[in-house]
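**Student:** need coordinates for the below:
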Amino acid sequence: MGHFSSDYIAFFEELSKYNHKTWFDQNRKRFEQIVKNPFYAFVEEMIVRIYSDDSDVLISPEEAIFRIFRDVRFSKDKTPYKTHMSAIISPGGRKAKNRPGFYFQIGAAGIKIYSGVYELDKARLERTRRYMVNHLKQLEKIINNNEFTKLFGEILGEKHKRIPPEFQDAVDKQPLIANKVFYVTADMDKSTITNPALSELMMKYYFGAKPLLQFLNHALE
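**Tutor:** Residues are numbered from 1 along each chain as shown. Okay, here's the model as predicted:
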């Protein structure tokens, strides 16, 4: 039996229409029972599965799961709630934004998966670029792997318009070195949310992204 029922999907479909505090307060108990608790259990299972492969991922679901409340301080969209639940599984959990990790969100639109590293300060970015320059063949092997391209396509990330001169020759060989961040993404249809084998399906993406995660972790060590 899977973690999620069709009620989980229905909750977020309704929240998409009635995204305000009054509706949420009226449905808070429902949220706890059919969304929050099942998602917690699912994240707990995913942590156990990933920990069995990477013993550095010694975190609790609380450390991995993001709140459903949106930060609307600097957003034109003032709706208070996200229309999905989300978590990131990495050695540092959600607070370690500059650590490579495996992120997923499950909601009305389906399942979205991200993996890689999304926030790098100047020193960590330079360290990553230097590692890439010295390991170009290894990077090429990762991004040209058939399973990797089948699952994720390519490594994404906004690029710097100006690159330090010391990296320019390397950028000509491998444009990814101009990136500010490095991540991959994939989508799963919402019909998979209620699949009893969802955690196994998600692990396929985890293992598909693992070579990239290892590469980025080595770069940042």
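
**Student:** which residue of this protein sits farthest from its center?
**Tutor:** Distance to the chain centre peaks in the chain at residue 165, reaching 31.9 Å (criterion: CA atoms, centre = their mean).

**Student:** now that residue: phi and psi?
**Tutor:** phi -50, psi -30 (degrees, to the nearest 10).

**Student:** residue 179 now?
**Tutor:** phi -60, psi 150.

**Student:** could you do the one 3 residues further on as well?
**Tutor:** Summarising the backbone geometry of residue 182 under the convention degrees, to the nearest 10, its torsions are phi -140, psi 110.

**Student:** can you report phi and psi for the spatially most central residue of the chain?
**Tutor:** The chain has residue 103 as the residue nearest its centroid, 2.1 Å off, counting by CA atoms, centre = their mean. Main-chain torsions, residue 103, degrees, to the nearest 10: phi -110, psi 140.

**Student:** contact partners for it?
**Tutor:** Counting by CB atoms under 8 Å, 6 or more residues apart in numbering, residue 103 touches 86-89, 113-115. Quick note: C-beta positions are derived from backbone N, CA and C, even for glycine.

**Student:** at 6 Å what do you get?
**Tutor:** Counting by CB atoms under 6 Å, 6 or more residues apart in numbering, residue 103 makes contact with 88, 114.

**Student:** measure it to residue 186 for me?
**Tutor:** 11 Å (CB to CB, to the nearest Å).

**Student:** kindly report the same for residue 221.
**Tutor:** From residue 221 over to residue 186 (counting by CB to CB), the distance is 26 Å.

**Student:** those two: which has the busier surroundings?
**Tutor:** Taking neighbours as other CB atoms under 10 Å, residue 221 and residue 186 compare with residue 186 leading, 18 against 7.

**Student:** what's the least confident helix or strand in the protein, going by average pLDDT?
**Tutor:** Across the helices and strands of the chain, mean confidence by mean pLDDT, DSSP states H and E is lowest for helix 165-173: a mean of 89.
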